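**Student:** how does the following fold in three dimensions:
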Amino acid sequence: MATVNRQTARKRRHRRLRRRVVGRPGRPRLAVFRSLRHTYAQVIDDSVGHTLAAASTRDPSADGATKIERAEDVGARLAARATELDITAVVFDRGGHKYHGRVKALADAVRTGGIAL
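**Tutor:** Numbers count the residues shown, from 1 in each chain. Below is the predicted model of the structure:
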């Protein structure tokens, strides 16, 4: 058996999670990706494979000093963009990451923005 590093373990968890988490037109999928420096989030309709709204810390308008504060800003901006498209509920795809830190901060900010997870 090959050695499993952190990245392959995350990808394995993500594949397992994606068996159950599917975005539909009425309730698209909110996918979160977290790299060492940045946080990315997209609202995806899996039935056609289109990204409906996206936000990341790489946007010029990303504010905040810490990574968690910037993730909160990403969640708030994504919620605003999704609300403009009349999206009120999403399925949360944490991408195999643990639900804490930046992922939790982003999810909480999306909820505060009026999107049901």
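
**Student:** what's the local residue count around the residue nearest to H38 when sequence neighbours are not counted?
**Tutor:** The shortest distance from H38 to any non-neighbouring residue, by CB to CB, 6 or more residues apart in numbering, is to T57 (4.5 Å). To be clear about C-beta, it is placed using only N, CA and C from the backbone, and glycine gets the same treatment. Per other CB atoms under 10 Å, the neighbour tally for T57 reads 21.

**Student:** my guess is T57 contacts T39, does it?
**Tutor:** Yes. Contact criterion CB atoms under 8 Å: T57 and T39 qualify, at 5.1 Å.

**Student:** which residues do those two both contact?
**Tutor:** Residues touching both T57 and T39 (CB atoms under 8 Å, 6 or more residues apart in numbering) are K67, R70, A71, V74.

**Student:** helix/strand/coil for the most centrally placed residue in the chain?
**Tutor:** Computing the C-alpha centroid of the chain and ranking residues by CA atoms, centre = their mean puts V32 first, at 2.5 Å. Following DSSP: H, G, I helix; E, B strand; the rest coil, we place V32 in the strand state.

**Student:** quick one: it and V103 touch, right?
**Tutor:** Yes. Counting by CB under 8 Å, V103 is a contact partner of V32 at 5.6 Å.

**Student:** anything in contact with each of the two?
**Tutor:** What both V32 and V103 touch, as defined by CB under 8 Å, 6+ apart, is the set R94, G95, H97.
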